[in-house]
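Participant: Any chance you could fold what I've pasted below:
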Amino acid sequence: MKKGALLVLLLIVWAVLAWPFDVQTGALKWSDMAAGLVVALLVLVLARELSPSDVALRVSPVRVFWFVAYAFFLGWYIVKANVDVAYRVLHPDMPIRPGIVKVKTALRSQAALTMLSNSITLTPGTLTVNALEDGTLYIHWIYVRTEDADEASRMIIGRFEWFLEKIFE
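Facilitator: Have a look, this model is predicted:
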């Protein structure tokens, strides 16, 4: 996509989200659009380092299907983890055993590793502390069940990895 077209698209998204129009008169608030232009230009400058090979997402109906399925799957685990964290916070003994565990994934593309790291962080009770290019992740876990890297990998990332392979690799 050409940079000019991308700038216009970003401005349209900004206008839809910020709605820079006066409710009574319908007049455009130029200060809001100027802020949108600054943000859109900033996004273009920061994103210029990205190339299509970095993103590595070729859109296909199969990938879109798996992405939608993954969104629902991730949503379920987010709700489930929220309930677990709420239980731990409200429990009189506060059953936590925090620690950082090392896990290993077979995912190799940067997009897949980023999505996996973000999925782990979005799930309450776990937080991605560091992600290395070789697929090693360091995860802060609210209740460390095992310190074995293989077992921790199965418990934390195993449920997400299968989907992300289908989407990104």
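Participant: sec struct for residue 134, please.
Facilitator: For residue 134, the assignment made with DSSP: H, G, I helix; E, B strand; the rest coil gives coil.
Participant: count of neighbours near it?
Facilitator: When neighbours are defined as other C-beta atoms under 10 Å, residue 134 has 9 of them. In this view, the C-beta of every residue, glycine as well, is placed from N, C-alpha and C.
Participant: Could you tell me the model confidence score at it?
Facilitator: For residue 134, the pLDDT comes out at 90.
Participant: do the same with the one 5 residues further on
Facilitator: Residue-level confidence at residue 139 comes out at 95, pLDDT.
Participant: What strand or helix carries it?
Facilitator: If you go by DSSP states H and E, residue 139 is part of strand 136-141.
Participant: So which other helices or strands are in contact with whichever helix in the chain runs longest?
Facilitator: Across the chain, the helix with the greatest residue count (assigned by DSSP state H) is helix 61-90. Applying 3 or more C-beta pairs under 8 Å, 6 or more residues apart in numbering; DSSP states H and E, we find helix 61-90 packed against helix 110-122, helix 158-168.
Participant: Please convert the ones you listed to CSV, extending it with mean neighbour count and distance to residue 16.
Facilitator: What follows is the helices and strands packed on helix 61-90, written out as CSV (neighbours: other C-beta atoms under 10 Å; distance: least, C-beta to C-beta, whole Å):
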stretch, mean neighbour count, distance to residue 16
helix 110-122, 19, 24
helix 158-168, 18, 26
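Participant: Could you dump those helices into CSV and include distance to residue 47?
Facilitator: Formatted as CSV, the helices and strands packed on helix 61-90 follow (distance: least, C-beta to C-beta, whole Å):
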stretch, distance to residue 47
helix 110-122, 14
helix 158-168, 19
